[in-house]
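>>> need the 3D shape of this:
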Amino acid sequence: MLAGASWSLLGLGWPAAVVGAANGLIGGARGTYGWAKPTGVLAFTLDSTWAVPVTAGALVAHLVAWLRPSHGGYVARLSARANRHVYTGGFRVRRGFVVTVGNTINNAGASVRVSPRRQRLITVHEDVHVWQGRWFGPLYPILYFSWTLVGGLAGALIWVVNRKRGASLFRVAETCGYYLNPFEWWAYSRDGGWPPPAKVPWVGGSWPLAPPINVRR
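Predicted coordinates for the structure are as follows:
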């Protein structure tokens, strides 16, 4: 009802209602939202209104994980009442890198069940991305991938001018397009991992965008 009502103003009431219903069904069956806290109510409200397009992408991520059962095991301990869904597999863009789409986190890796460091990656870094999708809604993927494209091209130009400094074209482009992406910079900072080792040191700032946070989960 929330999703349909909020997007009916744009003539997208029924598609949004389907997305909202599917998200509510999955979240309800798994006990995903933390209703006992204001953040749980806020997460559900945003997922069902402003962030419906991002939630639609999350449903696709669910499907990918379900179609790859040997790789997409659901991690209930990191998902229940945490306002997110965590899979060990699913979408994989690059080896070792986690992929967050809406409220769904893919490719967390089997080690996430036992590794405290991997768990912190999910509960802090990737959780920041989950909330970025909620706060920025349909603007989030547009802003994220626009920076990736423009930043990568800018990195290529920087490499041309500074190619004698030793870093490869890929590393410089990756630094500008990925690590200096404000959304990633923000997440790495909150995880206490800024600057990351793979970032080219002489490209961009070395200061964090936000203070690191601690979690008990």
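>>> any idea how far residue 24 lies from residue 5?
14 Å (CB to CB, to the nearest Å). Bear in mind the C-beta positions are built from the backbone N, C-alpha and C, glycine included.
>>> again, but for residue 75
Distance from residue 75 to residue 5, by CB to CB: 33 Å.
>>> contacting residues around residue 162?
Residues near residue 162 by CB atoms under 8 Å, 6 or more residues apart in numbering: 172, 202.
>>> against residue 175, how distant is the residue lying farthest from the centre of the chain?
The centre of the chain is farthest from one residue, residue 164, which by CA atoms, centre = their mean lies 34.8 Å away. For residue 164, the distance to residue 175 equals 17 Å [CB to CB].
>>> so which bits of stretch 150-167 are buried?
151-152, 154-155, 158-159, 167 (16 or more other CB atoms under 10 Å).
>>> closest one of the residues you listed to residue 65?
Nearest to residue 65, judged by CB to CB, of the buried residues of stretch 150-167 is residue 152 at 27.8 Å.
>>> most residues in a single helix of this protein, which one?
helix 139-162 (DSSP state H).
>>> off-centre distance for that helix?
18 Å (CA atoms, centre = their mean, to the nearest Å).
>>> quick one: the next helix or strand after that helix to chain centroid distance?
Remark: after helix 139-162, the chain's next helix or strand is helix 169-174, criterion DSSP states H and E. Helix 169-174 sits 22 Å away from the centroid of its parent chain (CA atoms, centre = their mean).
>>> for stretch 2-14, same thing?
Counting by CA atoms, centre = their mean, stretch 2-14 comes out at 25 Å from the chain centroid.
>>> mind listing what's buried along it?
2-4, 6-7, 12.
>>> repeat that for stretch 178-188.
178-181, 183-188.
>>> ditto for stretch 74-87
For stretch 74-87, by 16+ other CB under 10 Å, it's 74-75, 78-80, 82-87.
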